[in-house]
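J.: everything below, folded, please.
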Amino acid sequence: MTTTKLGGEPPIATSPETLSSAFAALGETKRLGILRTLAAGERCACDLTSCCGDRQPLLSFHLKKLREAGLVRARKEGRWMHYALDREALRALAGEIERLADGAVDEVDACCG
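T.: Residues are numbered from 1 along each chain as shown. All right, here's what the predicted structure looks like:
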């Protein structure tokens, strides 16, 4: 299943590989903290360093994993990177969890990828 974003942005893929990547990214405590911080709105990387208590290289690693999983977007402003949740990707992921909880998975979808 693939959900298309509005405004010509790339689709949110919900293939088994993409879902696995998203769940792996969510399976780390620091990354969940970053997502919760970003739920309040876009933040500069410098703000995330101070609120998450991580040194910059470790924070960059976590942000990279979240970006690769499609859960976080980044934009550059001057010399600073600003990060925000990709709310549509999170909604698509929530929709997949809901499908599992409801048992609304096609037999073809359920077959080990």
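J.: and the residue lying closest to Ala69 once chain neighbours are set aside, what does it touch?
T.: Ranked by Cβ to Cβ, 6 or more residues apart in numbering and with sequence neighbours excluded, the top spatial neighbour of Ala69 is Ala25, at 3.7 Å. For the C-beta atoms, the positions are set from N, CA and C on the backbone; glycine is no exception. Applying Cβ atoms under 8 Å, 6 or more residues apart in numbering, we find Ala25 in contact with Arg31, Lys65, Leu66, Glu68, Ala69, Leu71.
J.: any low-confidence regions in this structure?
T.: Along the chain, the parts satisfying pLDDT under 70 run over 1-14, 54, 106-113.
J.: nearest the middle, which residue of it would you pick?
T.: For the chain, the residue lying nearest the average C-alpha position, counting by Cα atoms, centre = their mean, turns out to be Leu71 (1.4 Å).
J.: from Thr37, how far out is that one?
T.: Relative to Thr37, Leu71 is positioned 13 Å away (criterion: Cβ to Cβ, to the nearest Å).
J.: now do the buried residues in the longest helix along the chain.
T.: With DSSP state H setting the assignment, residue counts place helix 87-102 as the longest helix in the chain. Within helix 87-102, the residues that qualify as buried by neighbour count (16 or more other Cβ atoms under 10 Å) are Glu88, Ala89, Leu90, Ala92, Leu93, Glu96.
J.: what residues of the helix or strand Leu35 falls within count as buried?
T.: When elements are defined using DSSP states H and E, Leu35 is found to belong to helix 29-38. Residues of helix 29-38 classed as buried by neighbour count (16+ other Cβ under 10 Å): Arg31, Gly33, Ile34, Leu35, Thr37, Leu38.
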